[in-house]
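Student: sequence and predicted structure below; questions after.
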Amino acid sequence: MANRLSKIVTRTGDDGSTGLADGTRVKKYCPRIHAIGSVDELNSHIGLLLAESAPDDLRNLLLHIQHDLFDLGGALAYPAAQFSESKLQSLDAAITLYNSDLPPLKEFILPGGSRAAAQCHISRTVARRAERDLAALALHDAVPLHALPYLNRLSDLLFVLSRVLNRTMGQSETYWQKNLAGSTA
C-alpha cells in the first residue's frame with residue numbers, strides 16, 4: 001500500500017480553509033465540513049464504545065459500522081461520490097435481528113445503564129447530530145444518496161444496541177416518569 005498521508009502538517013489550513021478530496025478549498029465552517037466533522041466524531045464515539053466490554057457479534061457489527069462511517073466521510077469529502085444502499089440494508093437487517101429479542105417498550109427509557117450502553121446512547125445522539133448536519137447540507141448542496149437514511153437508521157440501531165448491551169450486562173433500564181421532578185416540590 002502506498003503512503004496515503006506522507007505529511008500530516010501541511011499548514012494549508014492555517015487560513016481557515018480545508019481541502020476536499022476533489023481539490024476544492026472550502027471554509028472550515030461550511031456545512032459540508034460540519035457534516036464531515038460530525039460523522040468523524042460519531043466514528044470516534046463508536047471507537048470509544050468498542051473500548052468497553054461487548055459480545056463479539058456486537059463488536060464486529062460496530063467495527064463494520066466504523067468502516068461505513070469512514071466511507072461516508074470520504075463520500076462527503078468528494079461531492080460526486082456514492083454511498084452504497086447495501087450499507088443501509090445491513091443496518092435494517094441488524095435492527096430487525098437485535099430488536100427481535102427485546103421486550104417491547106411501554107415507556108421511554110433514560111439514557112444510561114451500563115457504561116457500554118451509556119456510551120452507545122452518546123453515539124446515538126451524535127448520529128442524530130450528524131444526520132441534522134447532513135440534512136442542512138442537503139438544503140444547499142448534493143449529498144450522497146442513502147447517506148441521510150443511513151444516519152437515521154444508525155441512530156435507531158444504536159438505541160436498540162444500548163438496550164441489548166444493558167440486557168447483556170444484567171443492567172435494568174430506567175424508565176422515564178412523567179413529572180417526576182415536579183412531584184417532589
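Tutor: Structure's in. What do you need? In this text the structure is predicted, and so the values were computed from the model without any measurement. Residues are numbered from 1 along each chain as shown.

Student: quick one: contacts for Arg153?
Tutor: Taking CB atoms under 8 Å, 6 or more residues apart in numbering, we find Arg153 in contact with Leu88, Leu91, Asp92, Ile95. C-beta here means a position set from N, CA and C on the backbone, and glycine is covered the same way.

Student: for Gly47, see how far away Gly113 is.
Tutor: 20 Å (CB to CB, to the nearest Å).

Student: those two: which is more packed in?
Tutor: Taking neighbours as other CB atoms under 10 Å, Gly113 and Gly47 compare with Gly113 leading, 22 against 14.

Student: tell me how many other residues crowd Arg129.
Tutor: Applying other CB under 10 Å, I find that Arg129 has 18 neighbouring residues.

Student: ranges for the strands of the protein?
Tutor: Secondary structure of the chain (DSSP state E): strands located at 17-19, 25-27.

Student: least confident of those strands, on average?
Tutor: The minimum mean pLDDT among these belongs to strand 17-19 (a mean of 64).

Student: which of the contacts of Arg153 sits closest to Leu154?
Tutor: Leu91 (6.0 Å; CB to CB).

Student: so that closest one is in contact with Leu158, correct?
Tutor: No: using CB atoms under 8 Å, Leu91 is not in contact with Leu158, being 10.0 Å away.

Student: more crowded one of those two?
Tutor: In this view Leu91 and Leu158 are compared by other CB under 10 Å, and Leu158 has more residues nearby, 27 against 23.

Student: report how many residues lie close to the closest residue to the more buried one other than its chain neighbours.
Tutor: Nearest residue to Leu158 in three dimensions, chain neighbours excluded: Arg124, at 3.8 Å (CB to CB, 6 or more residues apart in numbering). By the measure other CB under 10 Å, the count of residues near Arg124 is 21.

Student: tell me the spacing between Arg124 and Ala80.
Tutor: Relative to Ala80, and taking CB to CB, Arg124 is found at 30 Å.

Student: equivalent analysis for Leu69, please.
Tutor: Relative to Ala80, Leu69 is positioned 19 Å away (CB to CB).

Student: looking at the two, which is more packed in?
Tutor: Higher neighbour count among Leu69 and Ala80: Leu69, with 24 against 9, using other CB under 10 Å.

Student: what's the weakest-modelled helix or strand in the chain?
Tutor: In the chain, no helix or strand scores lower on mean pLDDT, DSSP states H and E than strand 17-19, which sits at a mean of 64.

Student: check the gap between the spatially closest residue to Val164 that is not a sequence neighbour and Leu91 for me.
Tutor: Sequence neighbours aside, Tyr98 is the residue nearest to Val164 in space, at 5.2 Å (criterion: CB to CB, 6+ apart). Here the criterion is CB to CB. By it, Tyr98 lies 11 Å from Leu91.
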